[in-house]
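1. fold the stuff below for me.
(2 chains)
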2 protein chains.
Amino acid sequence: MKPSLTHERSPAGPPPLHGGDRSPLHALAEIPEAGWLDLSTGVNPWPYPLVEATAESWRRLPEAAAETVFAEAARRYYGLDGAAALAAAPGSQALIQWLPRLLPPRRVAVLGFTYKEHARAWAAAGHEVAETEDGRLPEAAEIAVLVNPNNPDGARRTPAELAALAGRLRRRGGLLVVDEAFADLDPEGSLAGLDDLRGLVVLRSFGKFFGLAGLRLGCAFGDPGPIGRLAEALGPWALPGPTLEIAARAFADRAWIAATRRRLAEASGRLDALLAAAGLEPLGGTDLFRLADHARAPALYERLCRAGILVRRFPERPRWLRVGLPPDAAAERRLLAALGA
Amino acid sequence: MKPSLTHERSPAGPPPLHGGDRSPLHALAEIPEAGWLDLSTGVNPWPYPLVEATAESWRRLPEAAAETVFAEAARRYYGLDGAAALAAAPGSQALIQWLPRLLPPRRVAVLGFTYKEHARAWAAAGHEVAETEDGRLPEAAEIAVLVNPNNPDGARRTPAELAALAGRLRRRGGLLVVDEAFADLDPEGSLAGLDDLRGLVVLRSFGKFFGLAGLRLGCAFGDPGPIGRLAEALGPWALPGPTLEIAARAFADRAWIAATRRRLAEASGRLDALLAAAGLEPLGGTDLFRLADHARAPALYERLCRAGILVRRFPERPRWLRVGLPPDAAAERRLLAALGA
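-> Reported below is the predicted structural model:
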């Protein structure tokens, strides 16, 4: 008997915990929504200025011409040469959802303690998934997935190291997937500059660095095989017209990009000093968040909640807290006070 | 030997022709972009007023609370009871892309001469696809797909007829997919009111009736099995924050919706008179477009292009032209003059 088309697929487990959703906390502490200080995400608190999209971009189906302008701006920003394959989706999460469904079942290794949606998406698509917390490539793995720099600890691998890893996988008939969600801060670390992108799929996130996570935009570049399948699966008109316009403008704004990199570096330096003053031990991070260790992290987390401050905790790493950038000096003082320093 | 992960998938043929993209025509006639009168789509020319989304909706990842507000507004607008399954995607095209990939290979029939992306998407996902232009269900089909009211001829099937068809397919272990992209004009014809949605997947488009095709929003409701798989495949944060806010407001705006239905009915009545005056024979349509037959349709199409007016033609039906609503009296006069009436 054939499997039923209307039978519920067995779920891939409960959804993982993420930063950025304040709803469950509204029950925990009686602080009005405007009063929450949300430091639970790695989203830039100083967003790209909201440029108005044209009324036409809202009204009409996105035209090929607008998609081309967007793609050229994205290529220039990422530093891709004209021949590299590029696909764009409504959020890098959409790429994480699609990619595993477009490949036949394989042995997949997610390297390192990292963003949980990767393992979840590959498992939900029927692949055999191992999470290897030491970050080494298992001998049996045909596809490897890693985040670089890593979220939440900021661990970095050089392009040369990753090119070698991609080569090993390619000789096995496999693929290396590198999620560069936080690579905008230090573009030298991106794989975009490699001469040979065969056997590689690189994912980029627009919303984190540009501070517009609600816009939902992600790009993938690399091997023309899987990137072509992604583009084909996403189909026509995958991105809203306003998204194409806003992102094309942001990608091309070199002055804003350079100033923002400096600003985020300064702010994360101040955050380092603040966490150190409160007795938290630094474990790493990127210029959009810091990861810290503390023996009484669960109690600290709760104390912060009661003060209306949301940070990111990790059920599997109870001593860890990930802290995003306070948006201004008042928020820095508020965080310092709540940490009891 | 296993199939290569990086080998290009064989393409599903060239992309079908669609309305709404003026780019190729800019070469054909030297008319500035602003001068084109685009009647090639079925998008309402009087869009829902552009309400400003909050800055927060652009900046933050969409929160569960905003998704709930949106889903409740969508349910009320479609007339679904609380138990019906609902999934939302960035464009109904995204649902057309996903659904075939979530079901095991089956014999699929696309009923009637209709929107080409359905057959294309099912074939690209490895299903065996037959297009049956007489609209009858082949004995062997396990999944049937149809558009109701149909695009481009406006042919309608009653909910009772479709419920019976869904029942036949369900007894075969199959599924009926009904694309209700133009059902907003006459909600009585929608399957939303059926008591039993088992074996049914209904697709709805936001952009056509609300005149915001660039926003990219589509909904699916029906059998909890496939709808649940769609929601799982789309994953978290599938819709931008501004989309959730704008659509929730539009869905709830009963006065605008009622006035728009009247306005579109009046405008399509005027379009009927205009096409008749020009000697085109009516073949049907919806209140967002009309389909007409003319012995010299290709010559008419070209004459309209030279006058800067874009309508929709059909390579497989050279006598047909589909004409959208002229946005004002000047556009009506311009169309009439170009038709040589």
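
2. host element of A:L176?
-> A:L176 belongs to strand A:175-179 when elements are defined using DSSP states H and E.

3. whichever helix or strand comes after that strand and chain B in contact?
-> Later in the chain than strand A:175-179, the nearest helix or strand by DSSP H and E is strand A:200-205. No. Between strand A:200-205 and chain B, judged by CB under 8 Å from any CB of the partner chain, nothing touches; the nearest distance is 9.2 Å. In short, each C-beta sits where N, CA and C put it, glycine included.

4. now strand A:200-205: average pLDDT?
-> pLDDT averaged over strand A:200-205 equals 98, rounded to a whole number.

5. returning to what we had before: elements contacting the strand holding A:L176?
-> strand A:143-147, helix A:159-171, strand A:200-205 (3 or more CB pairs under 8 Å, 6 or more residues apart in numbering or on different chains; DSSP states H and E).

6. contacting residues for the nearest residue to A:E128 once chain neighbours are set aside?
-> Nearest non-adjacent residue to A:E128, counting by CB to CB, 6 or more residues apart in numbering or on different chains: A:R107, 5.0 Å away. Listed by CB atoms under 8 Å, 6 or more residues apart in numbering or on different chains, the contact partners of A:R107 are A:127-128, A:130, A:138, A:140-143.

7. tell me which residues of the longest helix along chain A are tucked away?
-> Ranked by residue count, the top helix of chain A under DSSP state H comes out as helix A:254-277. Neighbour-count burial for helix A:254-277, counted by 16 or more other CB atoms under 10 Å in any protein chain shown, picks out A:256-257, A:260-261, A:263-264, A:267-268, A:271, A:274-275.

8. immediately after that helix, which helix or strand?
-> Toward the C-terminal end, the helix or strand that comes next after helix A:254-277 (DSSP H and E) is strand A:281-286.

9. can you map out the strands along chain A?
-> Remark: strands of chain A, listed N- to C-terminal, are A:37-38, A:85-89, A:107-111, A:128-132, A:143-147, A:175-179, A:200-205, A:218-222, A:281-286, A:289-293, A:309-310, A:312-313, A:320-324; assignment by DSSP state E.

10. packing partners of the last one?
-> If I follow you right, that is strand A:320-324. For strand A:320-324, the packing partners by 3+ CB pairs under 8 Å, 6+ apart come out as strand A:289-293, helix A:297-306, strand A:312-313.

11. JSON lines for the ones you listed, including mean pLDDT?
-> As requested, the helices and strands packed on strand A:320-324 are arranged in JSON lines below (pLDDT from 0 to 100):
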{"stretch": "strand A:289-293", "mean pLDDT": "98"}
{"stretch": "helix A:297-306", "mean pLDDT": "93"}
{"stretch": "strand A:312-313", "mean pLDDT": "96"}
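
12. B:G154: which of these is closest?
-> The closest approach between B:G154 and any of those, judged by CB to CB, belongs to strand A:312-313 at 52.4 Å.

13. partner strands of that closest one, parallel or antiparallel?
-> strand A:320-324 (antiparallel) (DSSP bridges).

14. got TSV for the strands of chain A, with distance to B:A292 too?
-> Shown next, in TSV, are the strands of chain A (distance: least, CB to CB, whole Å):
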stretch	distance to B:A292
strand A:37-38	55
strand A:85-89	37
strand A:107-111	54
strand A:128-132	55
strand A:143-147	53
strand A:175-179	50
strand A:200-205	47
strand A:218-222	42
strand A:281-286	59
strand A:289-293	59
strand A:309-310	59
strand A:312-313	59
strand A:320-324	58
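
15. could you chop chain A up by domain?
-> A:23-46+A:255-339, A:55-252 (automatic domain parsing).

16. which parts of the stretch 51-200 of chain A sit against chain B?
-> Taking CB under 8 Å from any CB as the contact definition, the stretch 51-200 of chain A meets chain B at A:55-65, A:90-91, A:93-94, A:96-97, A:101, A:103-104, A:106, A:117, A:121, A:124, A:142-143, A:170, A:173-175, A:198-199.

17. now a PyMOL select for only the buried ones of these.
-> Buried residues among these (16+ other CB under 10 Å), as a PyMOL selection:
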select buried, chain A and resi 57+58+59+60+61+62+63+90+91+93+94+96+97+101+103+106+117+121+124+142+143+170+173+174+175+199
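
18. right, and A:L215 touches B:L239 too?
-> No. With the criterion set as CB atoms under 8 Å, A:L215 and B:L239 do not qualify as a contacting pair; they are 11.0 Å apart.

19. those two: which is more packed in?
-> Each of A:L215 and B:L239 has its neighbours counted (other CB atoms under 10 Å in any protein chain shown); A:L215 has more, 28 against 23.

20. show me the contacts for that one.
-> Taking CB under 8 Å, 6+ apart as the test, what A:L215 contacts is A:206-207, A:243, A:246-247, B:58, B:240-242.

21. need these in CSV (columns: distance to B:Y301).
-> Putting those into CSV (distance: CB to CB, whole Å) gives the following:
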residue, distance to B:Y301
A:F206, 39
A:G207, 42
A:T243, 32
A:I246, 35
A:A247, 35
B:W58, 41
B:P240, 36
B:G241, 41
B:P242, 37
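
22. which of the residues you listed fall in helices?
-> Per DSSP H, helices hold the following members of these: A:207, A:243, A:246-247, B:58, B:241-242.

23. for those residues, work out which two are farthest apart.
-> When CB to CB is used, the two most widely separated members of the ones in helices among the contacts of A:L215 are A:A247 and B:G241, lying 15.3 Å apart.

24. who has more neighbours, these two?
-> Between A:A247 and B:G241, counted using other CB under 10 Å, the more crowded position is B:G241 (27 against 24).

25. ok, that one touching B:E67?
-> No. Taking CB under 8 Å as the contact criterion, B:G241 and B:E67 are not neighbours in contact, 9.5 Å apart.

26. where in chain A is pLDDT low?
-> Per-residue confidence for chain A (pLDDT under 70) gives these ranges: A:1-16, A:21-34, A:341.

27. in it, which residue is closest to the centre?
-> By CA atoms, centre = their mean, the mean C-alpha position of chain A lies nearest to A:A181, the distance being 3.6 Å.

28. I'd assumed A:N151 was in contact with that residue.
-> Yes. At 6.5 Å, A:A181 and A:N151 qualify as touching, with contact defined as CB under 8 Å.

29. what about A:R333, neighbour count?
-> Each residue near A:R333 was counted by other CB under 10 Å, and the total is 12.

30. which residues does A:P327 contact?
-> By CB under 8 Å, 6+ apart, A:P327 lies in contact with A:45-46.

31. quick check: beta-bridge partners of A:P282?
-> For A:P282, the residues forming beta bridges with it (DSSP bridges) are A:A292.

32. related to what we said a few turns ago, looking at the buried residues of helix A:254-277, which is nearest B:L288?
-> A:W256 (40.5 Å).

33. apart from its neighbours in sequence, what residue is nearest that closest one?
-> Once its chain neighbours are removed from consideration, A:W256 has its nearest residue in A:Y48; the separation is 6.5 Å (CB to CB, 6+ apart).

34. how far away is the one you found from B:V178?
-> If you measure A:Y48 against B:V178 using CB to CB, to the nearest Å, the figure is 41 Å.

35. tell me the contacts of the nearest residue to A:S92 once chain neighbours are set aside?
-> Counting by CB to CB, 6+ apart, the nearest residue to A:S92 once its immediate chain neighbours are dropped is A:G218, at 2.8 Å. Applying CB under 8 Å, 6+ apart, one finds that A:G218 lies in contact with A:88-95, A:203-206.

36. between the strands of chain A, which gets nearest to B:F289?
-> Each of the strands of chain A was scored for nearness to B:F289 using CB to CB, and the closest is strand A:85-89 (29.5 Å).

37. which residues sit against that closest one?
-> Strand A:85-89 is touched from outside by A:70-71, A:74-75, A:78, A:80, A:95, A:98, A:197, A:217-224, A:227-228, A:230-231, A:234, A:238-239, with contacts defined as CB under 8 Å, 6+ apart.

38. thinking again about what came up before, of the helices and strands packed on strand A:175-179, which approaches A:R319 most closely?
-> Among those, strand A:143-147 comes nearest to A:R319, with 20.6 Å by CB to CB.
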